[in-house]
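fold the stuff below for me.
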Amino acid sequence: MTEVFSFCFLLSAFCFLLSAFCFLPSAFCLLPLQSCRVSLALFFALYCLEAGLFFTVVPWTRVWTVNPLLHHNLAIGMWADNPFVRGFISGFGVVHLIIGVKDIVRIGRARRTGGTAE
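As a prediction, the model looks like this:
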């Protein structure tokens with residue numbers, strides 16, 4: 001499970017660095033403007049996929065069960081261990097996954113037709 005989290009972290013760090021070029025002035029931008037728009041959209045889509053995977057999986061793992069932040073207070077611990085709360089958070093993750101997949105499909109279609117992925 002640790003490998004999945006480290007892979008997701010490295011993927012998000014790479015996408016963050018790639019999208020950082022879009023916020024530089026045009027004289028310093030190493031990527032063309034169209035490419036910056038696509039990389040920003042791709043960064044958002046990959047973020048949604050990563051967050052969706054995290055929110056869908058983690059509430060049902062040991063990371064959630066033995067988390068000292070959630071179980072420091074008895075009331076919050078009982079609330080966090082409720083299966084309905086875990087299901088709600090997993091549903092939140094599924095929504096992120098759907099948004100990420102739709103954005104990647106939209107970017108792919110825009111690239112095939114030659115349009116912009118805005």
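
what residues sit buried inside the helix or strand hosting residue 54?
Under the criterion DSSP states H and E, the helix or strand holding residue 54 is helix 33-57. Residues of helix 33-57 classed as buried: 36-57 (neighbour count, 16 or more other CB atoms under 10 Å). Bear in mind the C-beta positions are built from the backbone N, C-alpha and C, glycine included.

ok, now stretch 81-95?
89-90, 93.

circling back to that earlier point, what packs against the helix or strand that the helix holding residue 54 is followed by?
Per DSSP H and E, the first helix or strand lying C-terminal to helix 33-57 is helix 62-65. The criterion is 3 or more CB pairs under 8 Å, 6 or more residues apart in numbering; DSSP states H and E, and there are no helices or strands that helix 62-65 contacts.

so which elements touch the helix holding residue 54?
helix 2-20, helix 83-113.

could you redo the last one with a cut-off of 10 Å?
Packing partners of helix 33-57 (3 or more CB pairs under 10 Å, 6 or more residues apart in numbering; DSSP states H and E): helix 2-20, helix 62-65, helix 83-113.
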